[in-house]
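[1] Dropping a prediction and its sequence here:
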Amino acid sequence: MTTRKKIFLVIILLIQASIIWPIYPFFSNIYPLILGVPFSFAWVILMLVLSFLTVLWYYLSDPTLKNSESQTS
C-alpha cells in the first residue's frame with residue numbers, strides 16, 4: 001500500500017469518525033450559528049466538504065492520470 005493511499009484512508013476514517021458517536025457529541029450544539037445554520041449542521045457540511053477535497057486530492061495526485069496526460073500531449 002502506497003503512502004498516498006494510507007494518507008487518504010486515514011483522512012477519510014477521521015472524517016467518518018468525526019460525524020458519529022466518539023467525536024460528534026462535542027459538536028452537537030445548536031449555538032453558535034454559522035451563517036444562520038446550527039453549529040451541528042455546519043460541522044456535518046464541513047466534513048462533507050473536507051471529504052470531497054480529500055477525494056479530489058487523491059484523484060489529482062494519481063500517477064496514472066499524469067501518465068495519460070503526458071501521452072495525449
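    In hand now; what should we look at?

[2] CA atoms for contacts and neighbours, from now on please.
    OK.

[3] Now do stretch 51-66: everything it contacts.
    The contact list for stretch 51-66 (CA atoms under 8 Å, 6 or more residues apart in numbering) reads 4, 5, 8, 11, 12, 15.

[4] Do me a favour and average the pLDDT over that stretch.
    Here stretch 51-66 scores 90 as its mean pLDDT.

[5] List the buried residues for it?
    Applying a neighbour-count criterion of 16 or more other CA atoms under 10 Å, one finds 51, 54 buried in stretch 51-66.

[6] Please indicate which of the contacts of stretch 51-66 are buried?
    By the neighbour-count criterion of 16+ other CA under 10 Å, those include these buried positions: 8, 11, 12, 15.

[7] What helices and strands are in contact with the helix or strand the third one falls within?
    What it means is residue 12. When elements are assigned from DSSP states H and E, residue 12 belongs to helix 3-17. Packing partners of helix 3-17 (3 or more CA pairs under 8 Å, 6 or more residues apart in numbering; DSSP states H and E): helix 39-60.

[8] hey, C-alpha coordinates of the helix it packs on in PDB?
    Extracted in PDB, the C-alpha atoms of helix 39-60 (Å, rounded to 0.1, in the frame of the first residue of the first chain):
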ATOM      1  CA  PHE A  39     -23.300  24.500  14.500                       C
ATOM      2  CA  SER A  40     -24.000  20.800  14.400                       C
ATOM      3  CA  PHE A  41     -25.300  21.100  10.800                       C
ATOM      4  CA  ALA A  42     -22.400  23.300   9.800                       C
ATOM      5  CA  TRP A  43     -20.000  20.600  11.200                       C
ATOM      6  CA  VAL A  44     -21.500  17.900   9.000                       C
ATOM      7  CA  ILE A  45     -21.300  20.300   6.000                       C
ATOM      8  CA  LEU A  46     -17.700  21.000   6.800                       C
ATOM      9  CA  MET A  47     -16.900  17.300   7.000                       C
ATOM     10  CA  LEU A  48     -18.700  16.700   3.600                       C
ATOM     11  CA  VAL A  49     -16.600  19.500   2.000                       C
ATOM     12  CA  LEU A  50     -13.400  18.000   3.500                       C
ATOM     13  CA  SER A  51     -14.200  14.500   2.200                       C
ATOM     14  CA  PHE A  52     -14.800  16.000  -1.200                       C
ATOM     15  CA  LEU A  53     -11.500  17.800  -1.200                       C
ATOM     16  CA  THR A  54      -9.700  14.600   0.000                       C
ATOM     17  CA  VAL A  55     -11.200  12.600  -2.800                       C
ATOM     18  CA  LEU A  56     -10.300  15.400  -5.300                       C
ATOM     19  CA  TRP A  57      -6.700  15.400  -4.000                       C
ATOM     20  CA  TYR A  58      -6.500  11.600  -4.300                       C
ATOM     21  CA  TYR A  59      -7.700  11.700  -7.800                       C
ATOM     22  CA  LEU A  60      -5.500  14.600  -8.900                       C
END
